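> Based on what follows, work out the 3D shape:
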Amino acid sequence: HSPIVGETEVLHQFKVFTDSLSGAHAQWRELCTQLLADARAIRAAYLIGLGSRSYGSAVRRHVQSAPRVAVIGTGVLAQKIVPFLARAGRAIDLWGRRPECSITAANLTYRSLSNPHFDVEEPTSIVVAAPISADVIAALSSRYRERLALIDLRAEGVADPPPPVAPIITLADIFAEFEAVARANSDRVAAARVDIAQRASAFATRVKL
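I've put the predicted structure just below:
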């Protein structure tokens, strides 16, 4: 159900799941391995070069040439996004609640959300990649004097709208971009779905001892 056609993050999550199968569940490994092989083959045949189909590339486009980017969150989503943001001459502030973080990148500084002593004059784009409240976003945003954009990737953003501290790009906006890319490549996506149906039918009707 991901709005990103051929989303690599979902494929990775399924691979991690497949690798975890053992013991009483080991019987499912063959099926899951076949699914992974088919997914990679279909992606290579139809879905390469469809345009921006990851959160990282979408966020990179919206921060544009900002000399500083503040990323709030240290989870899987932040791990996927940060490598897309690293570039020469750009500072990255990674905000989290943990005492330390394993995410690394050029010019990245990890900062604690509990530290109130931080003010930046440099133009900054802010990326929200964690399920935090709008109040926390407002408090952290106030530490940056010149805010170029606020990219809110929270699913909770609809019920808890982000503060109007900068031009806002919401998760719905990102999804709309993905859908526009998918519509522009509808013929290739349709061909991929036909191939999927054929592979599923062949698998369902096979004979195996």
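> Work out for me the element Ala66 sits within.
Mapping Ala66 onto the secondary structure by DSSP states H and E places it in no helix or strand at all.
> For it, which non-adjacent residue is spatially closest?
Counting by Cβ to Cβ, 6 or more residues apart in numbering, the nearest residue to Ala66 once its immediate chain neighbours are dropped is Ser125, at 4.1 Å. Placement of C-beta: from N, CA and C, glycine included.
> The helix or strand that neighbour falls within - contacts with which helices or strands?
Secondary-structure element containing Ser125, defined by DSSP H and E: strand 124-128. On a contact count with 3 or more Cβ pairs under 8 Å, 6 or more residues apart in numbering; DSSP states H and E, strand 124-128 meets helix 55-63, strand 68-72, helix 134-141, strand 147-152.
> Redo those as TSV? Include distance to Val165 and mean pLDDT.
Conversion of those to TSV gives the following (distance: least, Cβ to Cβ, whole Å; pLDDT from 0 to 100):
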stretch	distance to Val165	mean pLDDT
helix 55-63	15	91
strand 68-72	12	96
helix 134-141	4	93
strand 147-152	5	96
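> before we move on, back to that, tell me the contacts of the residue nearest to Ala66?
If a contact means Cβ atoms under 8 Å, 6 or more residues apart in numbering, then Ser125 has 62-64, 66, 68-70, 147-151, 166 as its contacts.
> And the helix-or-strand element of the chain with minimal mean pLDDT, what does it pack against?
Scoring the helices and strands of the chain by mean pLDDT, DSSP states H and E places helix 171-184 at the bottom, with a mean of 85. Helices and strands in packing contact with helix 171-184 are listed as helix 55-63; criterion 3+ Cβ pairs under 8 Å, 6+ apart.
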